[in-house]
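J.: Return a 3D structure for these sequence lines:
(2 chains)
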There are 2 protein chains.
Amino acid sequence: MTAQSRKVLQVLNGETLSPPPIWLMRQAGRYLPEYRQTRAKAGSFLDLCYSPDMAVEVTLQPIRRYGFDAAILFSDILVIPDALKRNVRFEEGHGPRMDPIAVSEIAKLDVRPVSGHLQPVIETVRRLRRELPDETTLLGFCGAPWTVATYMIAGQGTPDQAPARLFGYQHPEAFDRLLAVLAEVSADYLVEQIDAGADAVQIFDSWAGVLGEEEFRRYAVEPVRRMIDNVRARRPHAKIIAFAKGAGILLKDYRQATNADAIGLDWSVPLSFAAELQKDGPVQGNLDPMRVVAGGQSLDDGIDAILQTLGNGPLIFNLGHGITPQADPAHVSQLVARVRGTGQ
Amino acid sequence: MTAQSRKVLQVLNGETLSPPPIWLMRQAGRYLPEYRQTRAKAGSFLDLCYSPDMAVEVTLQPIRRYGFDAAILFSDILVIPDALKRNVRFEEGHGPRMDPIAVSEIAKLDVRPVSGHLQPVIETVRRLRRELPDETTLLGFCGAPWTVATYMIAGQGTPDQAPARLFGYQHPEAFDRLLAVLAEVSADYLVEQIDAGADAVQIFDSWAGVLGEEEFRRYAVEPVRRMIDNVRARRPHAKIIAFAKGAGILLKDYRQATNADAIGLDWSVPLSFAAELQKDGPVQGNLDPMRVVAGGQSLDDGIDAILQTLGNGPLIFNLGHGITPQADPAHVSQLVARVRGTGQ
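T.: Below is the predicted model of the structure:
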């Protein structure tokens, strides 16, 4: 078996597979008892991300349990600001925190230590490719510049990223500079992941949905396009999924405008619209993670609706957002069996 | 002067006015020093809502200062669960809290005290109509059943209303019942506001954006449609604005499906899409509130883009979400002057 038999990669090349391949965002996570066990041994959350032994282990756990068609590197989008020395920490019950960046600090951001700082993550990718079954697609990832910038500016998550939106209006040049820095170091990081064995990479723009139309072009589309062009200039065959959560109608031109191979769809994307988007290229998504928590009929109904509408085109079955800690692992078995048509 | 000269009402009747009338969501709010002064005299936030003297005063403050074309009743969407005895409280720095409702409590919800409980709000409407300038449109409002239900289920605000989405999947019948109760008491409440002198009412579905397509129809569109039909059956000339924040592409049929006179647009709605929606009826919106905080060129640019795209059709100029406490009152003057073309 070779990379040619990796199903997620096949779909990224435009093929339609029936049943579609499946993986879940945040599939290595707190809903799994084996994850919680490993997590308890790590110190901080970032320690887990930077320990290849543990990061490999938690990445493999959902593959062992469910045989997903793709494994996604266990890491976090905020390792980039951490590598940029923004003092990132994950506080229990508070979500991520870091030092909010001032306008005057942006010009002085030192990108040199980034690659060195992230070598443990690259080592995790390298080991994963060795340890994964041949047929499993290995996905790397990073955050999109806009989404990473929102945390760097606010110093934390906020309900609608008002601090970053305001920063963009008040300091457009500094903001463009920050996005440019993030696009550059993130592209380098993706190239390193690809060289270490990632078959494809996903760019997470988790906060694309809070932007107006003009800001979406400037902050979400343009930097991601620049990243993708940068990666492709060096690795022409790189396969890239772009996931602009909440972008809604602005997804219409997103794949073409960013030059991504496939686009991720959140659960608020209507399936009729998703089918239109799929005419232009592969799509990934978009089951509401709450259906996995609910299980039963509502889980089956949600799966069936996606398969009926998108199953006859290039589709990577996934959730519309990360699986949540309260999901029952048995419901994930139900999900995988139903997508694969293997009953239960 | 009579109601015929009230500009917001004229637009709700389908007229195009140039310049368009303007008011701002949350225009009576913490960005105004006079509001903070009155607020300091009130005990809790709900005391302020239930004190006609103070509620009238804060409603009038932005009219005196800026001469907005509409005043909106000062109140909160959570007075409905408060009237339903859900123990609503607003905790400083924490947002609203209430007792999360259990499935078994839904069938027992007692709607009888609602109208009596809300009489101070109705009294506020009555006094406002007497005290407002004749040319000022008086708007009443309530929350949409889905949005109010999300708070009743979670007992608080949450980032993406996962508890209510889950509840809908797990307990569809109880959830439909809750939405039906809310639609009914809210329709009664709107009728009372109209009878007390409200020229028009707005229904706020602030959390419509977290719903998948099917849930949007069931939880957002249907209950709002039922409310509007209920109100119109009793008050055939009622004018109603429906604001489904974040609904994106699902706004396409929203006005027709709900039978609203006009739809509110949040700042993430692309102007080209807004122009399409406007062909079907009046629209209201949709400046990013962060532009008002930023002021200067980014404020002017945002205003101009809206006026250029939507100014030749029925438009009520507004923000795409409530004005925030950090907005400079001088920027609001800049905004009003520019929309009215009166320079500064």
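
J.: Quick check: closest non-adjacent residue to the residue in the stretch 101-250 of chain A positioned nearest to chain B.
T.: Nearest residue of the stretch 101-250 of chain A to chain B, counting by Cβ to the nearest Cβ: residue A:248, 3.0 Å away. Glycine gets a C-beta too; all of them are placed from N, C-alpha and C. Of all residues not flanking residue A:248 in the chain, residue B:248 sits nearest, at 3.0 Å (Cβ to Cβ, 6 or more residues apart in numbering or on different chains).

J.: got it, and residue A:50?
T.: residue A:120 (4.4 Å).

J.: State the phi and psi torsions of residue A:211.
T.: Phi and psi for residue A:211, reported as degrees, to the nearest 10, are phi -100, psi 140.

J.: That one: what's it in contact with?
T.: By Cβ atoms under 8 Å, 6 or more residues apart in numbering or on different chains, the residues touching residue A:211 are A:146, A:165, A:219-220, B:268.

J.: Out of those residues, which is nearest to residue A:209?
T.: residue B:268 (6.5 Å; Cβ to Cβ).

J.: so how many other residues sit close to the closest one?
T.: Residue B:268 is flanked by 28 other residues according to other Cβ atoms under 10 Å in any protein chain shown.

J.: tell me the secondary structure for it?
T.: coil (DSSP: H, G, I helix; E, B strand; the rest coil).

J.: returning to what we had before: name all residues that make contact with the residue nearest to residue A:248.
T.: A:248-249, A:268, B:209, B:268-269.

J.: and residue A:113, what pLDDT?
T.: You'll see residue A:113 listed with a pLDDT of 89.

J.: so how many other residues sit close to it?
T.: 11.

J.: I figured it hits residue A:80, correct?
T.: No - between residue A:113 and residue A:80 there is no contact under Cβ atoms under 8 Å: 11.6 Å.

J.: where exactly do the helices run in the stretch 151-300 of chain A?
T.: With helices called from DSSP state H, counting those that start in this stretch, the stretch 151-300 of chain A shows them at A:162-170, A:172-196, A:213-215, A:222-234, A:254-258, A:271-278, A:289-294, A:296-310.

J.: So what touches the fifth one?
T.: The one in question is helix A:254-258. Helix A:254-258 has contacts (Cβ under 8 Å, 6+ apart) with A:217, A:221, A:224-225, A:228, A:242, A:244, A:247, A:260, A:262-263, A:277, A:280-281.

J.: now with 10 Å?
T.: A:144, A:203, A:205, A:208, A:216-217, A:220-229, A:240-244, A:247, A:250-251, A:260-264, A:277, A:280-283 (Cβ atoms under 10 Å, 6 or more residues apart in numbering or on different chains).

J.: What count of nearby residues applies to residue A:333?
T.: Neighbour tally, residue A:333, other Cβ under 10 Å: 13.

J.: The residue of the stretch 1-150 of chain A found nearest chain B - nearest residue in space that isn't next to it in sequence?
T.: Nearest residue of the stretch 1-150 of chain A to chain B, counting by Cβ to the nearest Cβ: residue A:95, 9.6 Å away. Closest residue to residue A:95 apart from its sequence neighbours, by Cβ to Cβ, 6+ apart: residue A:157 at 4.9 Å.

J.: and the one you found, how many residues sit next to it?
T.: Neighbours around residue A:157, by other Cβ under 10 Å: 15.

J.: Could you pull up phi and psi at it?
T.: When read as degrees, to the nearest 10, the backbone of residue A:157 gives phi -70, psi 150.

J.: And for residue A:160?
T.: Per degrees, to the nearest 10, the backbone of residue A:160 is at phi -140, psi 30.

J.: Now do the same contact list for it.
T.: A:150, A:207, A:209-210, B:159, B:246, B:266-268, B:289-290, B:321.

J.: ok, 6 Å please
T.: residue A:210 (Cβ atoms under 6 Å, 6 or more residues apart in numbering or on different chains).

J.: and if you look at residue A:6?
T.: By Cβ under 6 Å, 6+ apart, the contact list for residue A:6 reads A:137, A:199.

J.: Which positions in the stretch 151-300 of chain A make contact with chain B?
T.: A:162, A:165-166, A:169-170, A:212-213, A:248-249, A:267, A:270, A:273, A:288, A:290-291, A:293-294, A:298 (Cβ under 6 Å from any Cβ of the partner chain).

J.: hmm, back to that, okay if I get the contacts of residue B:248 as a markdown table plus distance to residue A:337 and pLDDT?
T.: Below are those laid out as a markdown table (distance: Cβ to Cβ, whole Å; pLDDT from 0 to 100):
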| residue | distance to residue A:337 | pLDDT |
| --- | --- | --- |
| A:248 | 32 | 95 |
| A:249 | 34 | 95 |
| A:268 | 26 | 97 |
| B:209 | 32 | 96 |
| B:268 | 37 | 97 |
| B:269 | 40 | 97 |
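
J.: so, if you compare these, which one comes nearest to residue B:18?
T.: residue B:269 (21.5 Å).

J.: how deep is that closest one tucked in, by neighbour count?
T.: 27.

J.: nearest residue to it other than its sequence neighbours?
T.: residue B:286 is the one closest to residue B:269 (Cβ to Cβ, 6+ apart), at 5.5 Å.

J.: Kindly report the same for residue A:214.
T.: residue B:305 (7.4 Å).

J.: cool, residue A:309 as well?
T.: Spatial nearest neighbour of residue A:309, excluding adjacent residues (Cβ to Cβ, 6+ apart): residue A:271 at 4.1 Å.

J.: Can you report how many residues lie near the one you found?
T.: Counted with other Cβ under 10 Å, residue A:271 comes out at 19.

J.: Am I right that it is in contact with residue A:308?
T.: No - under the criterion of Cβ atoms under 6 Å, residue A:271 makes no contact with residue A:308, lying 8.4 Å away.

J.: so what pLDDT did the residue nearest to residue A:309 get?
T.: 97.

J.: now swap in the one 3 residues further on and tell me
T.: Residue-level confidence at residue A:274 comes out at 98, pLDDT.

J.: since we're on it, how many residues are nearby?
T.: 21.

J.: need the contact list for it.
T.: A:265, A:283, A:310.

J.: What count of nearby residues applies to the closest residue to residue A:201 other than its chain neighbours?
T.: Spatial nearest neighbour of residue A:201, chain neighbours left out: residue A:140 (4.3 Å); criterion: Cβ to Cβ, 6+ apart. Neighbours of residue A:140 under the rule other Cβ under 10 Å: 27.

J.: does residue A:140 belong to a helix or a strand, and which?
T.: In this structure, residue A:140 sits in strand A:137-143 according to DSSP states H and E.

J.: dump the residue contacts of the closest residue to residue A:320 other than its chain neighbours.
T.: Nearest residue to residue A:320 in three dimensions, chain neighbours excluded: residue A:267, at 2.9 Å (Cβ to Cβ, 6+ apart). Shown in contact with residue A:267 (Cβ under 6 Å, 6+ apart): A:286, A:288, A:320, B:212.
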